[in-house]
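> With the input below, show me the fold.
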Amino acid sequence: MTRNNFRSAIMLIMAVGCSRAPQPAGPPPAPEVAVVTVTQQSLGLTTELPGRTAPFLVAEIRPQVNGLILKRLFTEGTDVQMGQQLYQIDPAPFQAMVDKATANLTGLRLRADRIKDALGSKAVSQQDFDDADAALKQAAADMETARINLAYTKITAPIAGRIGKSSVTEGAIVTAYQPVPLATIQQLDPIYVDVPQSTADLLRLERRLADGRLTRTGNNQNAVQLILEDDTKYQAEGTLQFRDVSVDPTTATVILRMVFPNPNGVLLPGMFVRTAVKEGVNDKAILIPQQAVMRDSKGNPMALIVNAASLVEPRLLTLDRAIGDKWLVTTGLAPGDRLIVEGLLKARPGTPVKVTP
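Below is the predicted model of the structure:
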């Protein structure tokens, strides 16, 4: 082919290409989004509240008579039984009081008997007999008091439990009902857990029960789970005993008292724990993935659904709480709604989308 013929062929191709009219572009394809269908389910709701353990029973050991501590008869930090002797106060002065009262009682009893015999023969007056009888009764009371004080020299445990450190040693002088206890016994099995609950949460719970959004059924409604400080679950369930009727004015809370078995002594008084308290059952609960919830410019939670016309529709939500990786929705969604969970960046309100499950 000559150079002139080649140039002519190129110009012909260019002329044919320029003569074609531009084709109009078609509409862009609808973006694909993944949806889940909103459903209702029955859901048991719990509230996690912080609390603190407290002993089931506490007994502060104090002497009931004055005296000298001769012996301490327990090992600090061990378990003691009810009635077990803990201290021995020097009994000698109290034994002497018993002996004196015994002798006095014996003399007065003999005198009263003689006066009683003489009363029959009118040798003594009725007043003499009454005076002797009163003195005899007083001596009997003194005798009983001396015996009680002698028994108080043996200081025993009023309850079973774990005893702490002793505040006195052998040879110490103690006084009756002194302000400082000799030792303290705490019963730890079972053990209490005291949990403060705000009055706002209490009112909210009562309102949900009154509206029918929550119901309380079953025999284990008062069962409580315990979470320890290291985030492990306590092996045994506890029981909600009662809710206090008075409000702490400084914190606006009421106290929930729970009791837990503690056979192995894992729970110690004063430990901080968390409790999972059952609120009730929501028979129409709606749970949605947290990834499906967005926030508008004001920070309000919202979600996008695909309506019957395959258009994106925004919905404002009211969220109750997070449960695992889902949100519990109070208002804003209904059963059957197709909730967008993937492709949210491509979905715009009012625009058509292609739905994939």
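> Contact partners for residue 90?
67, 68, 69, 70, 153 (CB atoms under 8 Å, 6 or more residues apart in numbering). Using the backbone N, CA and C atoms, a C-beta is placed for each residue, glycine as well.
> can you give me the helices in the stretch 101-250 of the chain?
Using DSSP state H, counting those that start in this stretch, the helices found in the stretch 101-250 of the chain span residues 126-151, 199-211.
> Listing request: residues of the stretch 201-350 of the chain with sub-threshold pLDDT.
Across the stretch 201-350 of the chain, the ranges flagged by pLDDT under 70 are 212-214, 216-221.
> Pull out the buried positions in the lengthiest strand in the chain.
Criterion DSSP state E: the longest strand present in the chain is strand 41-61. By neighbour count, with 16 or more other CB atoms under 10 Å as the criterion, the buried positions of strand 41-61 are 43, 45, 49, 51, 53, 54, 55, 56, 59, 61.
> How about stretch 144-155?
Residues 146, 149, 150, 152, 153, 155 are the ones in stretch 144-155 that count as buried (16+ other CB under 10 Å).
> can you list contacts of it?
With contact meaning CB under 8 Å, 6+ apart, stretch 144-155 is reached by 61, 63-65, 67, 85-91, 94-95, 97-98, 100-101, 182.
> switch to 7 Å and redo it
The contact list for stretch 144-155 (CB atoms under 7 Å, 6 or more residues apart in numbering) reads 61, 63-65, 67, 85-89, 91, 94-95, 97-98, 101.
> What of stretch 191-208?
With CB under 7 Å, 6+ apart as the criterion, stretch 191-208 contacts 49, 51-56, 214, 226, 238, 247, 251-260, 262, 267, 273, 275, 279.
> Find the centremost residue of the chain, please.
With distances taken as CA atoms, centre = their mean, residue 195 lies nearest the centre of the chain, 4.1 Å away.
> Dig out what the closest residue to that one other than its chain neighbours forms beta bridges with.
Computed as CB to CB, 6 or more residues apart in numbering, the closest residue to residue 195 that is not its neighbour in sequence is residue 51, at 3.5 Å. With DSSP bridges as the criterion, residue 51 is bridged to residue 273.
> Tell me how far residue 51 lies from residue 249.
Per CB to CB, to the nearest Å, residue 51 is found 20 Å from residue 249.
> which residues touch residue 353?
In this structure, residue 353 makes contact with 30, 31, 33, 306, 310, 312, 347, judged by CB under 7 Å, 6+ apart.
> One more: residue 356?
32, 34.
> Show me the beta-bridge partners of it.
Beta-bridge partners for residue 356, by DSSP bridges, are residue 34.
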